[in-house]
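Novice: sequence first, then the predicted structure, then my questions.
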Amino acid sequence: MTTCIFTKITVNVERHLDSYSYDLTVAGNTVTIFICDSCLDRIEKAQLPPSHIVQGLIANGKWPDRSFIVDSKHNHSSPDPADSVRINVDEYFSSINYPKSAEQRLNNLFLDLLRSQTVDGERMYIKPIDEKMWARNYFKTPQECLFYIHSLAEMGFIKTQDTGMGVQGIALIITHAGLVKATELQSEGDNSKDCFIAMAFKPELMKYRTAIKNAIKKTGFNEIVIDEVHLSSAQTIPDAILAAIKKSKFCIADFTKQSHGVYFESGFAVGLGKPVIYTCEEEDFNANSHFDVKQLQHIIYKDEVDLEKRLIDKIEAWIKT
């Protein structure tokens with residue numbers, strides 16, 4: 001018996017030739033984690049996120065069912081465990097989408113409560129002690145979850161009824177002011193349904209553009225491609241690009257043909273704290289990819305079919321809540 005280095009939860013470890021693994025269950029979601037032996041010491045010394053963040057990722061289904069954990073210095077020749085997704089700890093947590101500030105956690109909780117109601121004004125009974133409530137919303141404890149619920153009440157977005165049960169249960173309704181706030185939140189970047197596509201605008205890449213757009217639509221988001229957007233007469237293309245990135249939930253940056261614009265647009269998105277999914281056609285990546293982005297975790301695809309399928313998997317796992 002030992003503890004998971006990411007969540008501090010006690011687990012049963014199984015040894016393998018070049019790694020060890022364990023199953024981990026949070027809020028009813030079970031994942032299998034493999035950790036490379038040669039990377040283990042460096043991973044343990046790395047700046048990992050707080051344990052409740054990883055628990056939240058697993059609770060929300062944002063952690064792969066089977067993952068192989070390595071760091072950027074991993075150079076082992078052995079194949080990765082079957083059906084596993086490789087996670088590089090040096091970049092994964094900076095690219096994954098989760099609420100990072102107190103305000104984002106408050107908004108995330110509020111929208112979670114909104115999704116729980118079936119009709120406006122419905123009286124709901126919430127159990128902060130339930131792992132599916134506090135862990136899924138990235139809180140450290142049920143008590144912290146209850147504190148944020150009371151904060152929403154103080155702001156007038158919900159009305160609560162003290163049941164005297166504390167974290168065991170609390171009754172609440174979402175107010176009209178809360179419904180107005182929800183509309184505002186759902187139109188903002190962090191909670192919007194928009195995805196900005198950054199890629200070279202070349203005729204030979206249209207099949208890849210179509211694949212990216214298909215993946216975005218099939219996962220329930222709206223694609224924004226700047227040369228397909230009708231701009232107002234007062235708006236320049238650079239202004240339109242920056243505004244579109246700001247309003248988007250995430251960005252897909254395809255580096256095939258190594259467009260300078262893609263480097264700028266993806267960098268701008270990262271600067272805003274937006275999740276960015278990096279993609280590149282295999283031959284172009286091997287021949288032309290710049291050293292400063294080559295170390296980032298890319299979807300390296302062989303053709304448009306491969307690209308669409310892998311993008312859908314990535315969006316489902318890393319972006320959707």
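Specialist: Now that the structure is in, tell me what you want to look at.
Novice: use CA for all of it now, contacts and neighbours both
Specialist: Fine.
Novice: pLDDT score for the residue most central in space within the chain?
Specialist: By CA atoms, centre = their mean, the mean C-alpha position of the chain lies nearest to residue 97, the distance being 2.8 Å. On the pLDDT scale, residue 97 is placed at 73.
Novice: the one 4 residues further on too?
Specialist: For residue 101, the pLDDT comes out at 88.
Novice: again, but for residue 291
Specialist: Per-residue pLDDT puts residue 291 at 61.
Novice: please apply the same query to residue 151.
Specialist: The predicted structure scores residue 151 at 97 on the pLDDT scale.
Novice: and for the one 10 residues further on?
Specialist: The per-residue pLDDT reported for residue 161 equals 87.
Novice: who are the contact partners of the residue nearest to it when sequence neighbours are not counted?
Specialist: Distances taken as CA to CA, 6 or more residues apart in numbering put residue 171 closest to residue 161, at 5.1 Å, once the chain neighbours are dropped. Each residue near residue 171 by CA atoms under 8 Å, 6 or more residues apart in numbering is listed here: 123, 124, 125, 126, 160, 161, 162, 163.
Novice: which PyMOL command selects the buried ones in these?
Specialist: To isolate the buried members of these in PyMOL, using 16 or more other CA atoms under 10 Å:
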select buried, resi 123+124+126+160
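Novice: next structured bit after the least confident helix or strand in the chain by mean pLDDT?
Specialist: None of the helices or strands of the chain scores lower by mean pLDDT, DSSP states H and E than helix 291-294, at a mean of 60. Of the helices and strands lying after helix 291-294 in sequence (DSSP states H and E), the nearest is strand 298-301.
Novice: how about that next one as CSV, C-alpha atoms only?
Specialist: Output in CSV follows, covering the C-alpha atoms of strand 298-301 (Å, rounded to 0.1, in the frame of the first residue of the first chain):
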residue,chain,number,x,y,z
HIS,A,298,1.0,17.8,-30.0
ILE,A,299,-1.6,15.7,-31.8
ILE,A,300,0.7,14.4,-34.6
TYR,A,301,-1.7,13.1,-37.3
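Novice: coming back round to it: turn the contacts of residue 171 into a markdown table, including secondary structure and distance to residue 138.
Specialist: Formatted as a markdown table, the contacts of residue 171 follow (DSSP: H, G, I helix; E, B strand; the rest coil; distance: CA to CA, whole Å):
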| residue | secondary structure | distance to residue 138 |
| --- | --- | --- |
| 123 | coil | 24 |
| 124 | strand | 21 |
| 125 | strand | 20 |
| 126 | strand | 16 |
| 160 | strand | 21 |
| 161 | strand | 24 |
| 162 | coil | 23 |
| 163 | coil | 24 |
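Novice: and the contacts of residue 171, which is closest to residue 258?
Specialist: Distance to residue 258 across these (CA to CA) is lowest for residue 126, with 49.8 Å.
Novice: how about that closest one, what does it touch?
Specialist: 169, 170, 171, 172.
Novice: can I get the buried part of those residues as one PyMOL selection?
Specialist: Selection command for PyMOL covering only the buried members of the contacts of residue 126, criterion 16+ other CA under 10 Å:
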select buried, resi 169+170+172
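Novice: tell me the SS of the residue nearest to residue 161?
Specialist: The local conformation at residue 171, judged by DSSP: H, G, I helix; E, B strand; the rest coil, is strand.
Novice: is the residue nearest to residue 13 when sequence neighbours are not counted in a bridge, and if so with what?
Specialist: Nearest residue to residue 13, sequence neighbours excluded (CA to CA, 6+ apart): residue 22, at 4.9 Å. Bridge pairing for residue 22 (DSSP bridges) gives the partners residue 33.
Novice: residue 22 and residue 82, how far apart?
Specialist: As for residue 22, its distance to residue 82 is 15 Å (criterion: CA to CA, to the nearest Å).
Novice: shouldn't residue 60 be in contact with residue 136?
Specialist: Yes: Residue 60 is within contact range of residue 136, at 5.7 Å (criterion: CA atoms under 8 Å).
Novice: list the buried residues in stretch 264-283.
Specialist: 265-266, 269-270, 273-281.
Novice: looking at these, which gets the smallest pLDDT?
Specialist: Lowest pLDDT within the buried residues of stretch 264-283 is found at residue 273 (81).
Novice: follow-up on the earlier one: got the contact list for the residue nearest to the centre of the chain?
Specialist: 274, 275, 318, 319.
Novice: and what of residue 186?
Specialist: residue 192.
Novice: now with 10 Å?
Specialist: Residues in contact with residue 186 (CA atoms under 10 Å, 6 or more residues apart in numbering) are 107, 111, 192, 193.
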